[in-house]
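> Build me a structure from this.
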Amino acid sequence: MDGELDFVRVGTLAEIPDGEMRAYDFPGTRVSVANLSGEARAFADECPHGGCSLGEGELTDDGTVACAQDGSEFDLETGEPVRGPAVDPIAILPARTQDGWVEVAFG
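Down below sits the predicted model:
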């Protein structure tokens with residue numbers, strides 16, 4: 001499946017300590033990448049409820065990201081909200097690590 005997608009380097013996995021995340025700006029979009037035990041997870045950075053940056057929120061041990069502004073929490077595998085007030089999911093983007101670089105595929 002990776003061969004069909006166009007991946008873009010966003011940074012190195014070493015820049016994102018385990019259990020943390022970083023936000024990256026790209027033309028027309030902003031993406032956050034979380035490091036969950038050495039696995040990169042990429043997702044749309046904007047909370048669908050309040051519009052704030054999810055990259056400023058917190059990762060949980062069970063693989064969710066919580067919005068710092070309104071407390072909405074999203075599953076980083078499915079994008080679905082697991083706690084409100086948000087009811088809409090966030091976009092989960094394909095991510096991989098190649099030679100220490102985190103690469104993300106955009107739409």
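> how about low-confidence regions in this structure?
Confidence mapping of the chain against pLDDT under 70 gives the ranges 1-3, 107.
> again, only using 50
Along the chain, segments meeting pLDDT under 50 span 1-2.
> Which neighbouring elements make contact with the strand ranked longest in it?
Counting by DSSP state E, the longest strand found in the chain is strand 29-36. Secondary-structure packing of strand 29-36 (3 or more CB pairs under 8 Å, 6 or more residues apart in numbering; DSSP states H and E): strand 7-12, strand 21-26, strand 39-44, strand 101-105. Heads up, the C-betas are built off the backbone N, CA and C, glycines and all.
> So which bits of that strand are buried?
Going by neighbour count (16 or more other CB atoms under 10 Å), the buried part of strand 29-36 is 31, 32, 33, 34, 35, 36.
> if we can go back for a sec, for the helices and strands packed on strand 29-36, which one sits closest to residue 78?
With respect to residue 78, and counting by CB to CB, the nearest of the helices and strands packed on strand 29-36 is strand 39-44 at 10.4 Å.
> and residue 88, which of the helices and strands packed on strand 29-36 is closest to it?
Of all these, strand 39-44 sits nearest to residue 88, with 10.7 Å by CB to CB.
> what packs against the closest one?
Where contact means 3+ CB pairs under 8 Å, 6+ apart, strand 39-44 is packed against strand 29-36, strand 92-93, strand 95-98, strand 101-105.
> could you check the angle strand 7-12 makes with the longest one?
Strand 29-36 runs at 60 degrees relative to strand 7-12, counting by axes from the mean of the first three to the mean of the last three CA atoms, to 10 degrees.
> Just give the number of residues close to residue 46.
Residues near residue 46, counting by other CB atoms under 10 Å, number 20.
> Sweet, I'm off.
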